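Chemist: Let me see the structure of the following:
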Amino acid sequence: MNGKAKSFTEHAVDVRNDKGFIRQIDVFNSYEEAEFFVENYKEPLDEGEYLNIICITYDCYGNEISVETVW
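Modeler: Below you'll find the predicted structure:
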């Protein structure tokens with residue numbers, strides 16, 4: 001690898017309810033893409049379900065090093 005190895009992030013949209021994670025819908029390279037997807041999502045969700053955006057950070061080797069809910 002040239003220079004310093006860099007970590008990277010992706011933003012996943014998933015479905016949750018009051019008990020937690022149900023399923024992942026899609027993954028995006030930026031928060032803005034994920035937010036646009038959520039704001040334009042048309043599929044019906046079951047009662048009590050909602051969409052969630054999480055930011056996943058990986059190290060330079062592709063290992064997941066943190067997960068944070070951002071929306």
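Chemist: in this structure, which spans are helices?
Modeler: 31-39 (DSSP state H).
Chemist: Specify the beta-bridge partners of the most centrally placed residue in the chain.
Modeler: Among the residues of the chain, the one closest to the centroid is Ala12, at 1.8 Å (CA atoms, centre = their mean). For Ala12, the beta-bridge partners under DSSP bridges are Val27, Ile54.
Chemist: Was I right to think it contacts Glu64?
Modeler: No - at 11.0 Å, Ala12 does not count as touching Glu64 under the criterion of CB atoms under 8 Å. Yep, even glycine has a C-beta here, placed from its N, CA and C like the rest.
Chemist: intersection of neighbour lists for these two?
Modeler: Ile56 (CB atoms under 8 Å, 6 or more residues apart in numbering).
Chemist: circling back to that earlier point, how much space between the residue nearest to the centre of the chain and Phe36?
Modeler: 14 Å (CB to CB, to the nearest Å).
Chemist: Check Thr9 too.
Modeler: 17 Å.
Chemist: Gly48 now?
Modeler: From Gly48 to Phe36 the distance is 24 Å (CB to CB).
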